[in-house]
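below are the sequence and a predicted model; questions follow.
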Amino acid sequence: MTTIDRRALLAGSAAVLAAGPALAAAPKAGVQGPGVYRYRLGDTQLTAIDDGTWFVKIDDDLVRNADTAAVNRALAAAFLPPNILPVSFTVLLVNTGSKLVMIDAGTGGQIADTAGVMLANLAVAGIEPKAVDAIVISHFHPDHINGIKTKDGEKVFPNAEILVPEPEWTFWMDEARMNTAPDRIKLYFRNARRIFADLEKEVRRFRPGAEVAPGITSIPAFGHTPGHTAFSIASRNQSMLVMGDAVRNPYLFARHPDWQPAFDMDGALGAKTRRQMLDRAAADRMLVEAYHFPFPACGHIARSGKGYELVPAPWQPLAPEPRPRAG
Ligand SMILES: [Zn+2]
């Protein structure tokens, strides 16, 4: 650089400093891009629909057998800030070719201010609520069923048959159980009635283990709730495991599968189920999906130390599956 060049450069910087920083031509965006991710399993098309994230303040009650310091160490190991657990919600749409099936229904904007964007993202995906043929429910916690209805009690998916696990229905619709439940849990019983009471004739109850739609089979995964159910999806020679709330946050509960989150109603059974799910996914190298994994909530599970590691699926274009060329 010549002396003259350097002088010109310094003069230029001084001018910029005097005028203040120039604004970029494109303003900073105030919102995230659409939360829609499509992927494929054999001939089945899957669409992950983001419903937002709830940022839960962590206290010593979050995990029954680990204190806040241990939880914060696990968050730090995942490069997450301390004391806040990000709980994201992802609704999975399964297009089998003959049916459009939704697994769990989102929060309906009734859980947290930062969640409830599922319908907006569904519109971006080009899917109208009336196109959903069936809603399959994993369990009756409000963040999984509230999206069935608006706050005012209107059905959101007018043509969808609703399928629920039989033991989940039996538990939450039991009047005697509701009356003796602690207040915190009583809210869940009341909420289940708000969503389902007038839909009883339209709701089909299935026994966990049964096929719920072509290629979608339910799997008993009890512990988180008494009837909590996972699903396997199979198409051609591929299969995946839709784990519901068996694992929840992967950086806490896949890495530390024996930690018992307070949200698991039966902590020991929940931990046993979690290990079974993770072990099956790792051993069979299945694609996994889980409602509270970071969006798009899909990937693989690898064994790691005494626990497991989520290996997130990389974003990829929706190309047709390569098939061997004829001839
Ligand atoms: Zn949940």
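Alright, I've got the coordinates.

which residues of the protein lie near the ion?
Contact residues, the chain versus the ion (C-beta under 5 Å from the ion): 143, 245. For the C-beta atoms, the positions are set from N, CA and C on the backbone; glycine is no exception.

for the chain, longest strand please?
Scanning the chain for the longest strand, with DSSP state E as the assignment, gives strand 44-57.

C-terminal to that strand, what's the next element?
helix 68-77 (DSSP states H and E).

contacting residues around whatever residue of the stretch 51-200 of the chain ends up closest to the ion?
Minimum separation of the stretch 51-200 of the chain from the ion (C-beta to the ion) falls at residue 143, amounting to 4.5 Å. Contact analysis of residue 143 by C-beta atoms under 8 Å, 6 or more residues apart in numbering lists 54, 89, 106, 107, 111, 115, 291.

among those, name the ones in strands.
Within the contacts of residue 143, residues falling in strands by DSSP E are 54, 89.

which one (most neighbours) among the contacts of residue 143?
In terms of neighbours by other C-beta atoms under 10 Å, the contacts of residue 143 top out with residue 106 at 30 neighbours.

how about stretch 155-164: buried residues?
Residues of stretch 155-164 classed as buried by neighbour count (16 or more other C-beta atoms under 10 Å): 155, 156, 157, 160, 161, 162, 163, 164.

as CSV, the residues you listed with distance to residue 93, secondary structure and pLDDT would be great.
Shown next, in CSV, are these (distance: C-beta to C-beta, whole Å; DSSP: H, G, I helix; E, B strand; the rest coil; pLDDT from 0 to 100):
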residue, distance to residue 93, secondary structure, pLDDT
155, 18, strand, 96
156, 14, coil, 97
157, 11, coil, 97
160, 11, coil, 97
161, 15, strand, 97
162, 15, strand, 98
163, 15, strand, 98
164, 18, strand, 98
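
which stretches of the chain have low pLDDT?
In the predicted model, the chain carries pLDDT under 70 at residues 1-19, 320-327.

switch the cut-off to 80
For the chain, applying pLDDT under 80 flags the ranges 1-21, 319-327.

all the helices of it, in order from the start?
3-19, 68-77, 118-124, 142-145, 166-172, 175-180, 183-196, 267-283 (DSSP state H).

most packed of those helices?
helix 142-145 (a mean of 23; mean count of other C-beta atoms under 10 Å).

ok, residue 281 to residue 139 distance?
Using C-beta to C-beta, to the nearest Å, residue 281 is found at 19 Å from residue 139.

cool, and residue 116?
20 Å.

for residue 234, same thing?
22 Å.

these two: which has the busier surroundings?
For residue 234 versus residue 139, neighbours defined as other C-beta under 10 Å are more numerous around residue 139 (28 against 16).

ok, that one touching residue 227?
Yes - because the distance of 6.4 Å satisfies C-beta atoms under 8 Å, residue 139 is recorded as touching residue 227.

joint contacts of the two?
165, 168.

what about the closest residue to residue 196 other than its chain neighbours, how many neighbours?
Excluding the flanking residues, the one nearest residue 196 by C-beta to C-beta, 6 or more residues apart in numbering is residue 203, at 6.1 Å. If you count neighbours by other C-beta under 10 Å, residue 203 ends up with 16.

confirm for me that residue 203 is in contact with residue 195.
No - assessed by C-beta under 8 Å, residue 203 is found out of contact with residue 195, at 9.7 Å.

related to what we said a few turns ago, reformat the helices of the chain as a markdown table; add distance to residue 151.
What follows is the helices of the chain, written out as a markdown table (distance: least, C-beta to C-beta, whole Å):
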| stretch | distance to residue 151 |
| --- | --- |
| helix 3-19 | 50 |
| helix 68-77 | 33 |
| helix 118-124 | 13 |
| helix 142-145 | 12 |
| helix 166-172 | 20 |
| helix 175-180 | 22 |
| helix 183-196 | 10 |
| helix 267-283 | 30 |
